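Engineer: I'll drop the sequence and a predicted model, then ask my questions.
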Amino acid sequence: MERAKRYGEQAERSRIRSKLRDIDLNISWGHIARDYFQKSVSWFYQRLNEVDGHGNPCEFTTEEKEQLRGALIDLSERIRRAAERI
C-alpha cells in the first residue's frame, strides 16, 4: 500500500525525464553524469527516473537541476560550434 502511495505521489510530480523526451535518445547521459556531475551513471539515472535503487522516490536537487540545465546548454553550444565549422 505504501509503495502504491509513493508511486502515485511520484506520478503527480512533473517528471524531468518527460521534459527531456525530445533529446533522450540523442544524449549520452553517462557522459553527462561523469563530465558534468562527477557521479556514476546509476546515480544519474536514478535521479533522471526519479526512483532510487530501492524503489524510493528521489530527484535532482534544485542545484543539480541548474547544473543539468547548464550541462545541456554547454552541450548545445558545442554542437552549434561544430556545425558552424562544417
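Structural biologist: Alright, I've got the coordinates.
Engineer: C-alpha from now on. contacts and neighbour counts both.
Structural biologist: OK.
Engineer: ok, residue 49 touching residue 17?
Structural biologist: Yes - applying CA atoms under 8 Å as the test, residue 49 and residue 17 come out as touching, 6.4 Å apart.
Engineer: ok, and the helix or strand in this protein with the lowest average confidence?
Structural biologist: The weakest-scoring helix or strand in the chain, judged by mean pLDDT, DSSP states H and E, is helix 2-12 (a mean of 56).
Engineer: Which element is encountered next along the chain beyond that one?
Structural biologist: helix 16-19 (DSSP states H and E).
Engineer: list the helices and strands whichever helix or strand comes after that next one packs on?
Structural biologist: Downstream of helix 16-19, the first helix or strand assigned by DSSP H and E is helix 29-32. If contacts are counted by 3 or more CA pairs under 8 Å, 6 or more residues apart in numbering; DSSP states H and E, helix 29-32 sits against helix 41-49.
Engineer: What residues sit buried inside the longest helix seen in the chain?
Structural biologist: Secondary structure of the chain read by DSSP state H shows that its longest helix is helix 62-85. Neighbour-count burial for helix 62-85 flags 68, 71 (criterion: 16 or more other CA atoms under 10 Å).
Engineer: Quick one: distance of that helix to the chain centre.
Structural biologist: The chain centre lies 13 Å from the centre of helix 62-85; the measure is CA atoms, centre = their mean, to the nearest Å.
Engineer: So what touches it?
Structural biologist: 32, 36-37 (CA atoms under 8 Å, 6 or more residues apart in numbering).
Engineer: Next, format those residues as JSON lines and append distance to residue 21.
Structural biologist: Formatted as JSON lines, the contacts of helix 62-85 follow (distance: CA to CA, whole Å):
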{"residue": "32", "distance to residue 21": "16"}
{"residue": "36", "distance to residue 21": "20"}
{"residue": "37", "distance to residue 21": "20"}
